[in-house]
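K.L.:
Below are the sequence and a predicted model; questions follow.
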Amino acid sequence: MADYLALKNGTDVRGTATAGAGEEVTLTEAAVRDIGKAFCLWLATEKQLPHARIAIGHDSRVSAADIEGWLADAIAGCGSPVILTGLSSTPSMFMLLKDDFGADASIMITASHLPYQKNGLKFFTAEGGLEGDDVAEVLRIAARGGFPEGKGTVSKKSYIEKYAADLVDKVRRATGKQTPLSGKRILVDAGNGAGGFYVDLVLKPLGADTTGSQFLEPDGRFPNHIPNPENEDAMRSVTEAVVRNHADFGIIFDTDVDRAGAVSASGEEINRNRLIALISAILLKEQPGATIVTDSVTSDGLTAFIEAHGGVHRRFKRGYKNVINESKRLCAEGVCSPLAIETSGHAALRENYFLDDGAYLVTRLLIALAQAAEEGKTLESLIASLPEPLEAAEVRPTFVPGCDFKAAGAKLLAELAEYVAKVPYLSPAPENHEGIRINFDRQHGDGWALLRMSLHEPILPINAESNTTGGVKCMLGELYGFLKGYPFLNMAKLEKVLEE
């Protein structure tokens, strides 16, 4: 029996799809075919959808065409009709299930921001993306076999044009104008992923001058930079483009457009805490008192900003599905929670089915930009009061190969909590849902540090922020003194930071 569970990555299937880079291909033709058939069987048994009509889309990766062909052939061989949507964004593959498109379920072929040799599968029904347990069950079915047989049809039908038109309509209705972005220069950096459509299908119809937009052509080897709003090279590239072209606003998407970042006219990055603050300010003006759910590494300054705007900040576990499900839980309990967002740029709004959708997020920002311009203001003026730390850093010590890193990490974090309780200038942050977040007093770092286990990798990420020059290094030095007693940790990266 094939070990397809090894391909599970959170709520996705991911593996190496292209030979090279010293990696063995794990997302093989056999695996793709079996998983496609298993999804058909899962839909029939779990959703009572025998012969479900399944749409298949993909981003720009070099392996996309092969995987699309294998999936379509396998699914049609189970008797299910297949609709090929071609180059698509991940959010559009869910939205077509909410539209009169003719599909019951969908699969997006993508590995998000991972290197070109990787690829994967995301699964959707009309209720949303499959949860991790559902994906595991699909993989177990794939390993068991015993699939139905039939002769389904394969057709082609694009949806991205309708998806984009709906975004355009949203802006026009919100602003009351056909071309509310006239006079604004707004550029897009698609990183050669799937986001290039936003220029011709959204910005230009709204009147924007898109001069300076770059890397719009799909190229699955990502020759210019990784399409990732968290990547330093990617953000540097779009920031330089904004400054060079005197743009009013810059947009950067990840490969499959479920995440986004932005750049202000002054060339300042609007991502991580700044991006969260911006969309929070917009939503809290509309829904006073709302609860904003974020991941665990957001700053204390963001909490102060949200509270100053009349909202409640709830930090939760990293992982976009974790924050989304927490926001959904709050809503089910009667709490107004319009936004679930990670510092990575994953943002899901309740008004948009809690779908993490970079293009929808950016469209919401463009509405605010147009409205601010009407009042003689800039978009960044909405976050002018955001308290920002003087210093910030992330260090990612790794576990040595071969150790049981999950057990070792759990033991380390438990012992760190005991240590913190005994040190007078340290205190655990209240209401922490992941790892341990430690507050340091003014004399010993003047800030906080969060240590947690990576969701999927043998890594112990450390995030730290300080309001004092040298504070981050002071805090990391304190933590190094504790962590060096654990031989299963590779401390080279932390040592390098302390030596700088």
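P.N.:
In hand now; what should we look at?
K.L.:
Tell me, how many residues neighbour the nearest residue to residue 442 once chain neighbours are set aside?
P.N.:
Spatial nearest neighbour of residue 442, chain neighbours left out: residue 468 (7.3 Å); criterion: CB to CB, 6 or more residues apart in numbering. Backbone N, C-alpha and C define where each C-beta goes, glycine included. Residues within reach of residue 468, counting by other CB atoms under 10 Å, total 16.
K.L.:
which residues does residue 468 contact?
P.N.:
Taking CB atoms under 8 Å, 6 or more residues apart in numbering as the criterion, residue 468 is in contact with 390-391, 442, 445-447.
K.L.:
And the buried ones among those residues, selectable in ChimeraX?
P.N.:
Only the buried entries of the contacts of residue 468 go into this ChimeraX selection, using 16 or more other CB atoms under 10 Å:
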select :391,445,446,447
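K.L.:
Widest-spaced pair of the contacts of residue 468?
P.N.:
For those, the farthest-apart pair by CB to CB is 391 and 442; their separation is 14.0 Å.
K.L.:
So which of the contacts of residue 468 belong to strands?
P.N.:
391, 447 (DSSP state E).
K.L.:
now the contacts of residue 468 in TSV, with pLDDT and distance to residue 185?
P.N.:
Converted to TSV, those look like this (pLDDT from 0 to 100; distance: CB to CB, whole Å):
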residue	pLDDT	distance to residue 185
390	95	32
391	95	33
442	96	44
445	97	42
446	97	40
447	96	38
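K.L.:
would you turn the contacts of residue 468 into CSV with distance to residue 316?
P.N.:
Listed next are the contacts of residue 468 as CSV, based on distance: CB to CB, whole Å:
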residue, distance to residue 316
390, 26
391, 25
442, 28
445, 25
446, 26
447, 21
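K.L.:
ok so residue 496 is a strand residue?
P.N.:
No. Applying DSSP: H, G, I helix; E, B strand; the rest coil, one finds residue 496 to be helix, outside a strand.
K.L.:
Next, find the distance separating it from residue 391.
P.N.:
The gap separating residue 496 from residue 391 is 17 Å, by CB to CB, to the nearest Å.
K.L.:
do residue 239 as well
P.N.:
Distance from residue 239 to residue 391, counting by CB to CB: 20 Å.
K.L.:
Could you list the low-pLDDT ranges of the protein?
P.N.:
1 (pLDDT under 70).
K.L.:
Where do the strands of the stretch 351-500 of the chain begin and end?
P.N.:
Counting by DSSP state E, counting those that start in this stretch, the stretch 351-500 of the chain has strands at residues 355-356, 391-395, 398-399, 426-428, 436-440, 447-451, 462-466, 489-490.
K.L.:
can you tell which of those is closest to residue 305?
P.N.:
Here strand 462-466 is closest among the strands of the stretch 351-500 of the chain (CB to CB), at 14.0 Å.
K.L.:
Tell me what angle that closest one forms with strand 447-451.
P.N.:
Interaxial angle, strand 462-466 versus strand 447-451 (axes from the mean of the first three to the mean of the last three CA atoms, to 10 degrees): 180 degrees.
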